[in-house]
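Chemist: attaching a predicted model along with its sequence, questions to come.
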Amino acid sequence: MLMGAPLSTPAARRARGRITDLTRSGAMDADALSEIARQLQVLVPFSASFWAGSDPLTTLATAPARVENLHDAKQCARFWEREFLVQDFNLFRDLARAERPVAALYRTTGGHPMRSQRFRELNQALGFGDELRGVFRSGSHAWGMVSLWRAEDQPPFSAAEEKLISDLSAPIAEAFRRAVLLHDATAADSPEGPGLLVFDRDGALTSVNDHAEAWLAELTPTLGAPDAGDVPVPTAVRNVVGLAHAIASGFERGAARARVLGRSGRWLLVHGFPLRGGPDVEGSTAVVIEPALGSESAPIILEAYDLGPREQEITRLIARGLSTAQIADRLCLSPHTVRDYVKTVFGKVGASSRGELVARVFAEHYAEPLMQPRGSHSSGQAARGRPV
């Protein structure tokens, strides 16, 4: 039987110190995430895990992502459907707003995990008992997420283990946040058109167009993900498919779209659309992958630079070419106050001029969009997609 490791042993102190060093020394990438998972295993033993970065404005999973000891690809698809289609305990979006961003299922349900539909339909099928979930939150935004599971014959997570991961939430979030900024955008050849993937009602990938695999290669793969066929599907895409399905079913509103930092350092947009038609199409989801416009990636970059709401507003007005006097008039502020805000923004972004500020926020962090205008690809591509 697995027992929680004492949190004050020399091994535990070394593991926590190693995690702290990793979160302070750089940005989160696949190697850092794997090492943090390995060290956390010393502090809070677990049987299986899921880790991912997240879009701070939507709490959708992005990259890097990692799974450990989850060997059922079909259940991975159901994981995201349950996240959006079922009102359950400890959903990531709820933890992002909770006073404490970490919670274990046994404690949340008062020792009765069967109250959770996710536990009854998913966790039990995988042989799991307690599940500890958390988001890595900096300020009011979640930059990453984690699920840890213990086998059904192992003890539930303790209150001390919950608190430890809660204490690590902000430092780990900072590493995820820095990953948005500390990357080198490299020139990369783009496919001539958007990538199109079609998933059936069960979340299985059924067809792709000629460009899809090239765009999937630009997305950071999910480490340790179970093999689901010839075309690996990253967590960010799985997440969008689950949300699109929930929107089509009336459980969620809005658009199923995630902004993801690609392996080359450019921003990509992953968006999903429910398909309608005959019995073979109903319930299917189309996913399009293409470069993100600056207007899509800029909100995340502004958050990553830790700009407050007013600072973000002024930065956007600067990008539109407004002068200090015009900004002051628009926002009913004095020119002196606007200059103070601009000085603070320059300090946070590391810019010395308005031109450099706009370049860093709106130019350096995304690639040029496709020459083909958005919307010019037609639904006919689905028919031309090849099966997988």
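Modeler: Here it is on my side, so go on.
Chemist: and for stretch 20-27, what's in contact with it?
Modeler: With contact meaning C-beta atoms under 8 Å, 6 or more residues apart in numbering, stretch 20-27 is reached by 32, 35-36, 39, 168, 171-172, 174-176, 178-179, 181-183. Glycine gets a C-beta too; all of them are placed from N, C-alpha and C.
Chemist: show me the strands in the stretch 201-350 of the chain, by range?
Modeler: Using DSSP state E, counting those that start in this stretch, the strands found in the stretch 201-350 of the chain span residues 205-208, 222-223, 256-261, 267-274, 285-291.
Chemist: the ones you listed: which one's closest to residue 313?
Modeler: Nearest to residue 313, of all those, is strand 256-261, at 19.9 Å by C-beta to C-beta.
Chemist: where are the low-confidence patches of the protein?
Modeler: Applying pLDDT under 70 to the chain picks out residues 1-6, 73, 182-190, 227-229, 363-388.
Chemist: could you dump the strands of the stretch 201-350 of the chain to JSON lines with distance to residue 340?
Modeler: Formatted as JSON lines, the strands of the stretch 201-350 of the chain follow (distance: least, C-beta to C-beta, whole Å):
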{"stretch": "strand 205-208", "distance to residue 340": "51"}
{"stretch": "strand 222-223", "distance to residue 340": "44"}
{"stretch": "strand 256-261", "distance to residue 340": "30"}
{"stretch": "strand 267-274", "distance to residue 340": "30"}
{"stretch": "strand 285-291", "distance to residue 340": "36"}
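Chemist: now the ones you listed in TSV, with mean neighbour count and distance to residue 101?
Modeler: Putting those into TSV (neighbours: other C-beta atoms under 10 Å; distance: least, C-beta to C-beta, whole Å) gives the following:
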stretch	mean neighbour count	distance to residue 101
strand 205-208	20	32
strand 222-223	21	22
strand 256-261	24	20
strand 267-274	22	25
strand 285-291	23	29
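Chemist: same question for stretch 291-298: list its buried residues.
Modeler: Neighbour counts over stretch 291-298 (16 or more other C-beta atoms under 10 Å) mark 291, 292, 293, 294, 296, 297, 298 as buried.
Chemist: re earlier: among the contacts of stretch 20-27, which are located in helices?
Modeler: 32, 35-36, 39, 168, 171-172, 174-176, 178-179, 181 (DSSP state H).
Chemist: tell me which two in the residues you listed are the farthest apart.
Modeler: Largest pairwise distance in the ones in helices among the contacts of stretch 20-27, by C-beta to C-beta, is 24.1 Å, between 39 and 181.
Chemist: of those two, who's got more company?
Modeler: Each of residue 39 and residue 181 has its neighbours counted (other C-beta atoms under 10 Å); residue 39 has more, 19 against 15.
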